[in-house]
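> the following block contains a protein sequence and its predicted model.
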Amino acid sequence: MIISKSNLLVVNLTKVDKQIPVLDCVRIEDNGSSIGGNGKSFIAVSPVPYDTKLKLKNIFNDEKSNGVTVTSDTAKEVLKNIPNDTRFQGMLEHSEVISKDDKTVRFELHDGARKRSIDGKVNPMSYPDYRKMYNRCLNNKKSIQLVVNAKRLLPLIDTLMKISEDTGDFSKLYIEFTEEKDIILRMQNQETGPRAIGLMWCYKGNDNVWLENNKWEEELKNGNINNTIDNSNINRSSVVSCNGSTNNSSIRSDISMVRKTKGAKKTGNKSLAHILHGELCPECSKYHLATDGKNKWCSCIKGCNYFKRS
């Protein structure tokens, strides 16, 4: 099965746990989704989209594989060897996982010229049943929906952590929301007493478009994570692909076909051009689609300033 770099990055949340050693691992399910956590927080990442797998079929076999729990050292070793791919829009930032007996695992990587393999270590212990936890949390949400800039939120939290100087494992962050759905974050230095209050504004207007659940998220919500995502119902009839051509044919599988062109597609009316925050480009699955009211194309072709995106 094919996984992405994102599936392994959950290792950054894992930690050594003497009581539950398997928490210092990354669980990869047989559908390509992954989970990592530390007992107090978890992150689940969805499988590689169907369209992306089509582009990779000339590189990886995408053979059916068993689910496997790999050690954090293995995940970090694979991440270290996955190339940073800017030439092919991240297509090389994937790996094939081969595990047939739940006791061994091999990761196959490709750097654009040749393949290489890494034999990983498997933890045979049963991974905690995170499905019940996600099922409980995702079905018990309050109707507070915020859209924030993660690149602004993380430095805010990081700075509050430094101010609080809490070196223990119980750094308390107090979160509140205003009527306008902006965020208030509070922390206290437990040793010297000072408090810090952080404020962050959420997106407003057209940028405040909620990301609706896809099929994988609904399955996770219902306690089932072992079904793959079906992206075959995406309407490509009027979509301009990342290479600037109209995508009326089947998706090209050759990795050389996903290079970006230097030229930007001209639109019918620039003043009407805007990003469709609810629609990802079906070819790259990375950037949102844009439209001028007549055609749709991948927003990577224009750039942030064109659409006045922050």
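Sure, I can see it.
> how about the strands in the stretch 151-300 of the chain?
Per DSSP state E, counting those that start in this stretch, the stretch 151-300 of the chain carries strands over the ranges 174-177, 183-188, 195-200, 239-240, 274-280, 288-291, 296-298.
> can I get those strands in TSV with distance to Val10, mean neighbour count and mean pLDDT?
Bear in mind the C-beta positions are built from the backbone N, C-alpha and C, glycine included. Shown next, in TSV, are those (distance: least, C-beta to C-beta, whole Å; neighbours: other C-beta atoms under 10 Å; pLDDT from 0 to 100):
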stretch	distance to Val10	mean neighbour count	mean pLDDT
strand 174-177	22	11	87
strand 183-188	24	17	86
strand 195-200	24	13	81
strand 239-240	31	21	42
strand 274-280	21	17	74
strand 288-291	24	20	80
strand 296-298	27	24	79
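> I'd like these written out as a markdown table, with distance to Ile144 added.
Converted to a markdown table, those look like this (distance: least, C-beta to C-beta, whole Å):
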| stretch | distance to Ile144 |
| --- | --- |
| strand 174-177 | 6 |
| strand 183-188 | 10 |
| strand 195-200 | 14 |
| strand 239-240 | 33 |
| strand 274-280 | 19 |
| strand 288-291 | 24 |
| strand 296-298 | 31 |
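> Gln89: which of these is closest?
Closest of those to Gln89 is strand 296-298, at 9.7 Å (criterion: C-beta to C-beta).
> which strands and helices sit next to the closest one?
strand 239-240, strand 288-291 (3 or more C-beta pairs under 8 Å, 6 or more residues apart in numbering; DSSP states H and E).
> circling back: wait, which of the strands of the stretch 151-300 of the chain is closest to Ile20?
Ile20 lies closest, by C-beta to C-beta, to one member of those: strand 174-177, at 26.8 Å.
> how about the helices of this structure, start to end?
With DSSP state H, the ranges of helices along the chain come out as 5-8, 50-55, 72-81, 130-138, 150-164, 215-221.
> which residues does the third one contact?
With contact meaning C-beta atoms under 8 Å, 6 or more residues apart in numbering, helix 72-81 is reached by 5, 8-9, 11, 14, 24-26, 95, 105, 107, 109, 116, 118, 120-121.
> show me which residues of it are buried.
By 16 or more other C-beta atoms under 10 Å, the buried positions in helix 72-81 come out as 72, 74-75, 77-78.
> then that helix to PDB, C-alphas only?
Extracted C-alpha coordinates of helix 72-81, given in PDB (Å, rounded to 0.1, in the frame of the first residue of the first chain):
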ATOM      1  CA  SER A  72       9.000   5.500  16.100                       C
ATOM      2  CA  ASP A  73      12.600   5.000  15.200                       C
ATOM      3  CA  THR A  74      11.500   3.300  12.000                       C
ATOM      4  CA  ALA A  75       9.100   6.100  11.100                       C
ATOM      5  CA  LYS A  76      11.800   8.700  11.700                       C
ATOM      6  CA  GLU A  77      14.300   6.800   9.600                       C
ATOM      7  CA  VAL A  78      11.900   6.600   6.700                       C
ATOM      8  CA  LEU A  79      11.000  10.300   7.000                       C
ATOM      9  CA  LYS A  80      14.700  11.200   7.000                       C
ATOM     10  CA  ASN A  81      15.100   9.400   3.700                       C
END
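> for the chain, which spans come out with low pLDDT?
141-142, 166-169, 191-193, 225-272, 278, 301-310 (pLDDT under 70).
> rewinding a little: got TSV for the buried residues of helix 72-81, with distance to Ser126 too?
Formatted as TSV, the buried residues of helix 72-81 follow (distance: C-beta to C-beta, whole Å):
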residue	distance to Ser126
Ser72	17
Thr74	18
Ala75	18
Glu77	23
Val78	22
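> out of the contacts of helix 72-81, which comes closest to Met200?
Using C-beta to C-beta, those come closest to Met200 at Leu9, 23.5 Å.
> state the number of residues packed around the closest one.
16 (other C-beta atoms under 10 Å).
> what's near enough to touch it?
Neighbour list for Leu9: 45, 79 [criterion: C-beta under 8 Å, 6+ apart].
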